[in-house]
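[1] 3D, please:
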Amino acid sequence: MRLHVPIRLRWSDLDAYGHVNNAEMLRLLEEARIIAFWITDDAEEAVGASTAVLDGRPGADTLTLIARQEIEYLAPIPYLRQPLDVQLWLGRLGGASLEVCYEVHSPRGTEPDILYARAATTIVLVDAASERPRRINDGERAAWTPYLDEPVQFTKRG
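    All right, here's what the predicted structure looks like:
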């Protein structure tokens, strides 16, 4: 099962070539990840609210640190007025870490459906007080397990 997170582009996401800049892609993925997994005060904003179980607000007990990121760009993303369809799932659910997988598609309902990029981010949950990794708790594991599937298969390895 996948979460579908609509992410709007900003004009400033484009580079001199008229497509989304590679550094901005990391921001777009981060935004989708936060919407999908962080508790928010705005219930309207949550996508798949059952997965939004991490408190990312200042002073939270848990920090989420990025251990690794990989992106495979498949087609340039032009400026689009409709939001991109960022699909998320988990490729791995470990003891204290998880791998968030992504596919960035053209806006839902548009034809043809274009797959612009695929990516993976390894996140480590860290106890804010001790600054040490902490285990994924039962509530988090229960919320995320339905979204566990095969990891991203990167095709352009050389």
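[2] if you skip the residues just before and after it, what's nearest to the most centrally placed residue in the chain?
    In the chain, the residue lying closest to the centroid (Cα atoms, centre = their mean) is residue 33, at 3.2 Å. Spatial nearest neighbour of residue 33, chain neighbours left out: residue 100 (5.7 Å); criterion: Cβ to Cβ, 6 or more residues apart in numbering. Using the backbone N, CA and C atoms, a C-beta is placed for each residue, glycine as well.
[3] Tell me what that neighbour is bridged to.
    Beta-bridge pairing for residue 100 (DSSP bridges): residue 90, residue 121.
[4] ok, now which ones touch it?
    Residue 100 is in contact with 33, 37, 88-91, 120-123, counting by Cβ atoms under 8 Å, 6 or more residues apart in numbering.
[5] List just the nearest of those to residue 1.
    residue 89 (7.0 Å; Cβ to Cβ).
[6] is it true that the closest one touches residue 99?
    No: in this structure residue 89 lies outside contact range of residue 99 using Cβ atoms under 8 Å: 9.6 Å.
[7] Show the end-to-end separation of stretch 51-71, please.
    23 Å (Cα to Cα, to the nearest Å).
[8] buried residues in it?
    Of the residues in stretch 51-71, those buried by neighbour count under the rule 16 or more other Cβ atoms under 10 Å are 51-54, 62-64, 71.
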